[in-house]
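Enquirer: Predicted model and sequence below, questions to follow.
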Amino acid sequence: MSSKAESYKKNEREMWDQFSRRYTDVVLPEFRQFGRRLIELAAIRSGMWVLDVATGPGEPALTIARRVGPRGLVVGVDFSPTMLRRARARARAIGVRNAQFHEMDAERLTFADLTFDRVVCRFGLMIMPNAERALAEMHRVLVPGGRVALAVWSAQSKVNTLGIVRRSLERHDAFHPPPGAPDFFRFGKAGAMERALRAAGFRHVRSECMTAEWVFNGPEEFWDSMKRGPSLRRALATVSPAVRRAVKADVFRSLAKYERNGRLRIPNEAVLALGIK
Ligand SMILES: C[S@@+](CC[C@H](N)C(=O)[O-])C[C@H]1O[C@@H](n2cnc3c(N)ncnc32)[C@H](O)[C@@H]1O
């Protein structure tokens, strides 16, 4: 792994640590529908052992814990210790006892080969610089016949909340991803997710697209919410007040077409993919 990718990961880990509270309160509920479908695709049954990679504050791990029941086990891993503290607190709050959470880099899992019946990963893979390595690790820890089910963002033009902001930053030459950063939208290219799964050794690979709307009470609420998120905050910190104003005006113009009855309803598309070992 290049030193650029390692330093990117170190910064990302700190960023997710800082963002964990807001993520848990604001972002997590928006991902529920994607999680439900991912669990269906994974065909999780009572008694199974399931690994949730990049679990953040414990999803979909904690939803799956109920499904596998007391004879099953869910293990959530993430490289952000603060996210994992939230996952453990959420597990305690809802009385889940069959879930464990461990600090771990998804690109270097410390589990033995053939440990899990299922592996899931919701909105984690596309932010990993070496996603190929992470997929190979998921394959290694699965039992033969075990399934992986993944959710990643689709193409930038279809992930509108992030896409609108990214395009406005690009137009004003204000989008400068840190060295070593992967393209979050790379698995939105036709066939990209399937190819990556096959390259990692998975069979019977298939994928589907799924869209969910995020609702905001107008452009100011949208801007405020995105500004507190890591990518816009990072970008705005490096530009002049004039560019900041221009980016904001540009974002507001792009939002107009999503306005209905005084609210913004913004569709975001994800790719959900499945493979069998
Ligand atoms: C968008 S959040 C997704 C969290 C959760 N799975 C969900 O769907 O709400 C991405 C998570 O990936 C974690 N992450 C990113 N790269 C990672 C890596 N290389 N190893 C482990 N965790 C990673 C971050 O710490 C963060 O918690």
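Expert: Right, received. Where do you want to start?
Enquirer: For whatever residue of the stretch 51-200 of the chain ends up closest to the ligand, which non-adjacent residue is spatially closest?
Expert: Proximity of the stretch 51-200 of the chain to the ligand (C-beta to the nearest ligand atom) peaks at residue 56, 2.6 Å away. For the C-beta atoms, the positions are set from N, CA and C on the backbone; glycine is no exception. Excluding its sequence neighbours, the residue lying closest to residue 56 (C-beta to C-beta, 6 or more residues apart in numbering) is residue 83, at 4.8 Å.
Enquirer: Am I right that that neighbour is in contact with residue 55?
Expert: Yes - contact status for residue 83 versus residue 55: in contact at 7.5 Å, counting by C-beta atoms under 8 Å.
Enquirer: if we can go back for a sec, what about the residue nearest to residue 56, distance to residue 101?
Expert: The spacing between residue 83 and residue 101, counted by C-beta to C-beta, to the nearest Å, is 9 Å.
Enquirer: Mutual contacts of these two, please.
Expert: residue 55 (C-beta atoms under 8 Å, 6 or more residues apart in numbering).
Enquirer: residue ranges with poor pLDDT in the stretch 1-150 of the chain?
Expert: In the predicted model, the stretch 1-150 of the chain carries pLDDT under 70 at residues 1.
Enquirer: If we use 90, what do you get?
Expert: By pLDDT under 90, the weakly predicted segments of the stretch 1-150 of the chain are 1-6, 8, 11-12, 19, 22-23, 26-27, 29-30.
Enquirer: Would you state the strands of it in chain order?
Expert: Using DSSP state E, counting those that start in this stretch, the strands of the stretch 1-150 of the chain run over 49-53, 73-78, 99-103, 116-122, 142-153.
Enquirer: so what's the residue nearest to residue 56 up against?
Expert: Residues in contact with residue 83 (C-beta under 8 Å, 6+ apart) are 16, 17, 20, 23, 55, 56, 57.
Enquirer: Same question for residue 12.
Expert: residue 127.
Enquirer: roughly how far apart are it and residue 124?
Expert: According to C-beta to C-beta, residue 12 and residue 124 sit 11 Å apart.
Enquirer: burial measure for residue 122, as a count.
Expert: By other C-beta atoms under 10 Å, the residues close to residue 122 number 24.
Enquirer: The one 3 residues further on too?
Expert: Other residues within reach of residue 125 by the criterion other C-beta under 10 Å amount to 25.
Enquirer: Surely it and residue 136 touch.
Expert: No - applying C-beta under 8 Å as the test, residue 125 and residue 136 come out as separate, 12.0 Å apart.
Enquirer: one step back: which members of the contacts of residue 83 are the farthest-apart pair?
Expert: 17 and 55 (14.4 Å; C-beta to C-beta).
Enquirer: OK, contacts around residue 208?
Expert: 271, 272, 273.
Enquirer: repeat for residue 4
Expert: By C-beta under 8 Å, 6+ apart, the residues touching residue 4 are 179, 180.
Enquirer: Residue 239 now?
Expert: Counting by C-beta under 8 Å, 6+ apart, residue 239 makes contact with 172, 174, 247.
Enquirer: out of those residues, which are inside helices?
Expert: Applying DSSP state H to the contacts of residue 239, the entries found in helices are residue 247.
Enquirer: Quick one: the contacts of residue 239 as CSV, columns for pLDDT, neighbour count and distance to the ligand too.
Expert: Below are these laid out as CSV (pLDDT from 0 to 100; neighbours: other C-beta atoms under 10 Å; distance: C-beta to the nearest ligand atom, whole Å):
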residue, pLDDT, neighbour count, distance to the ligand
172, 92, 16, 26
174, 87, 18, 23
247, 93, 23, 23
